[in-house]
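Visitor: Sequence below, structure please.
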Amino acid sequence: MTSSSAPAPASGAHKSQGPLRRLTARRRDEAHRVSSPLELFFDLCFVVAIAQAGVQLVHAVAGGHAGNGILNYAMVFFAIWWAWMNFTWFASAYDNDDALYRVVTLVQIAGVLVLAAGVSRAFEHHDYLVVWLGYAIMRLAMVAQWLRAARSAEGPERTAALRYACGVLLCQVGWLGLILLPEPARLWVFLVMVVAELSVPVYAERARVTSWHPHHIAERYGLFTIIVLGETIAAATVAVKSALDEHDALGELLPIAAGGLLIVFAAWWIYFVVPIHGHLRSSRQAFLWGYGHYLIFASAAAIGAGLAVEQAVGKAHISTLSASAAVTLPTALYLLTVWALHSRHFKVGISQQLVLPVTALLVVCCTFLGEWAVLAAGLVSAAAVVVGVTLTTRMVARERRANATARAA
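Guide: Next up, the predicted model:
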């Protein structure tokens, strides 16, 4: 998943006729590259797993087990995100859309559904067997894709594909530690395996960097961001429905719904305000940007879970402060990580650079506003968008006046 200037086969190679075609690399400069219907379907099926992780996080936090719930959420969400990410970068470089490629991808989707079915057991009983089985289905299918790519490649490209296949397979064996080792050791297994998983692409692409497409990758990440933000929209909708069903709670739930909508609208605006694909040029940028999205995706999905926790105050073993933090803290984390990965590369001057970090700090402060915390966080997030747009507009106006003056002189 790093940048490459090496030549790749012609972009039209994958469009040859026949149900089975050679799985050859696509070009990085291929024109009009967009997400395929299969990729969109793949993303859609991940909604099930994300929703299950969010529901279990809500149950854990509302039940007064926030620490354990957050840890389980981080572990399960890593499996979801990493499997999605592996497929996304592979597909950007090698998608030939033939019959076998489609079938193997559908097998990966089946693995996602198996993983989703095991999320509740992982949270409630620390039983990761079903999650591991679903993950194994996805990863073995990914190994098959890399082996197929290696069969059609030569030299360094073949070496890189084989390294990917072997690395993914060895990591899958390593995840058995979550099943076989005693519970106190599982956190260490998770941490070690995360490092191992993240190291596979770094090692594999020392042989030859894959020919992923910057615009396509940026679009794929953007679409997945929309999916996880959709979980927050769903939570806000539930708040509105609950308010209408329980008229005595109308005054309590409508501010939560309004604040949640403002947060997700601002989150969408802030993420998509800049065309990030132009920034993905070097190997270092690609790895930091791709890996850093774990925090963006996880925090965005956690906002929706936090809204659900807010709605449960009074019916669950959790204080108003804790419930507010379940929304404000992931919102602040989202703002900071989007700034670090996206916005800061396009900001000019200290004023523009400080907008999102200051907003994140103010959102955290909103935690202490009691039942108005979510609405206040939403208003602060919306204000950040207004301030950002205003500063950008003023900067553009100054540049235009300067250019006009220069032409007149």
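Visitor: Give me the helices and strands touching the helix or strand that contains residue 199, please.
Guide: Assigned by DSSP states H and E, residue 199 belongs to helix 183-204. Identification of packing neighbours for helix 183-204 by 3 or more Cβ pairs under 8 Å, 6 or more residues apart in numbering; DSSP states H and E yields helix 66-94, helix 155-174, helix 177-180, helix 283-311. Yep, even glycine has a C-beta here, placed from its N, CA and C like the rest.
Visitor: Identify, out of these, the most deeply packed stretch.
Guide: helix 283-311 (a mean of 23; mean count of other Cβ atoms under 10 Å).
Visitor: Check the average confidence over that helix, would you?
Guide: Across helix 283-311, the average pLDDT comes to 83.
Visitor: can you state the direction angle for that helix and helix 66-94?
Guide: 140 degrees (axes from the mean of the first three to the mean of the last three Cα atoms, to 10 degrees).
Visitor: Number of residues surrounding residue 329?
Guide: 19 (other Cβ atoms under 10 Å).
Visitor: scratch that, residue 152
Guide: 18.
Visitor: so what's it up against?
Guide: By Cβ atoms under 8 Å, 6 or more residues apart in numbering, the contact list for residue 152 reads 22-24.
Visitor: Swap in 10 Å and give it another go.
Guide: Contacts for residue 152 (Cβ atoms under 10 Å, 6 or more residues apart in numbering) come out as 9, 13, 21-25, 94, 96, 158, 161.
Visitor: Ranking by neighbours, what's the top pick from the residues you listed?
Guide: residue 161 (28 neighbours).
Visitor: list the contacts for the closest residue in space to that one that isn't next to it in sequence?
Guide: Leaving aside its sequence neighbours, residue 161 sits nearest to residue 150 (Cβ to Cβ, 6 or more residues apart in numbering; 3.7 Å). By Cβ under 10 Å, 6+ apart, the contact set of residue 150 is 23, 157-165.
Visitor: can we see that at 8 Å?
Guide: So residue 150 contacts 158, 161-162, 165 (Cβ under 8 Å, 6+ apart).
Visitor: among those, which two are most distant?
Guide: 158 and 165 (10.6 Å; Cβ to Cβ).
Visitor: circling back: now the helix holding residue 199 against helix 155-174, angle please.
Guide: 180 degrees.
Visitor: pLDDT of helix 183-204, averaged?
Guide: 92.
Visitor: So, low pLDDT: which residues of the stretch 1-150 of the chain?
Guide: 1-18 (pLDDT under 70).
Visitor: just the helices in it please.
Guide: Ranges of helices in the stretch 1-150 of the chain, per DSSP state H, counting those that start in this stretch, are 37-62, 66-94, 99-117, 119-125, 129-152.
Visitor: in the following helix or strand past the helix holding residue 199, what's buried?
Guide: Remark: after helix 183-204, the chain's next helix or strand is helix 214-245, criterion DSSP H and E. Residues of helix 214-245 classed as buried: 214-222, 224-225, 227-236, 238-240, 242-243 (neighbour count, 16 or more other Cβ atoms under 10 Å).
Visitor: show me what contacts the most centrally placed residue in the chain?
Guide: Most central in the chain under Cα atoms, centre = their mean is residue 297, positioned 3.1 Å from the mean C-alpha point. By Cβ under 8 Å, 6+ apart, the contact list for residue 297 reads 77, 81, 224-225, 228.
Visitor: packing partners for the top helix by length along the chain?
Guide: Longest helix of the chain, by residue count under DSSP state H: helix 373-408. With contacts taken as 3+ Cβ pairs under 8 Å, 6+ apart, helix 373-408 sits against helix 250-272, helix 320-341, helix 349-365.
Visitor: The last one - what's its average pLDDT?
Guide: In this case it means helix 349-365. Rounded mean pLDDT across helix 349-365 is 91.
Visitor: go on, the first one?
Guide: For helix 250-272, mean pLDDT rounds to 86.
Visitor: How about it, which residues are buried there?
Guide: 252-268, 270-271.
Visitor: Over to the second one?
Guide: By neighbour count, with 16+ other Cβ under 10 Å as the criterion, the buried positions of helix 320-341 are 320, 322-341.
Visitor: and it with helix 214-245, angle?
Guide: Using the same axes, to 10 degrees, helix 320-341 lies at 160 degrees relative to helix 214-245.
Visitor: so what does helix 320-341 touch, helix or strand wise?
Guide: helix 250-272, helix 283-311, helix 349-365, helix 373-408.
Visitor: do you know which of those lies nearest residue 44?
Guide: Nearest to residue 44, of those and by Cβ to Cβ, is helix 283-311 at 15.0 Å.
Visitor: which SS state does residue 274 fall under?
Guide: coil (DSSP: H, G, I helix; E, B strand; the rest coil).
Visitor: gap between the residue nearest to it when sequence neighbours are not counted and residue 172?
Guide: Nearest residue to residue 274, sequence neighbours excluded (Cβ to Cβ, 6+ apart): residue 346, at 4.6 Å. Distance of residue 346 to residue 172, given as Cβ to Cβ, to the nearest Å: 39 Å.
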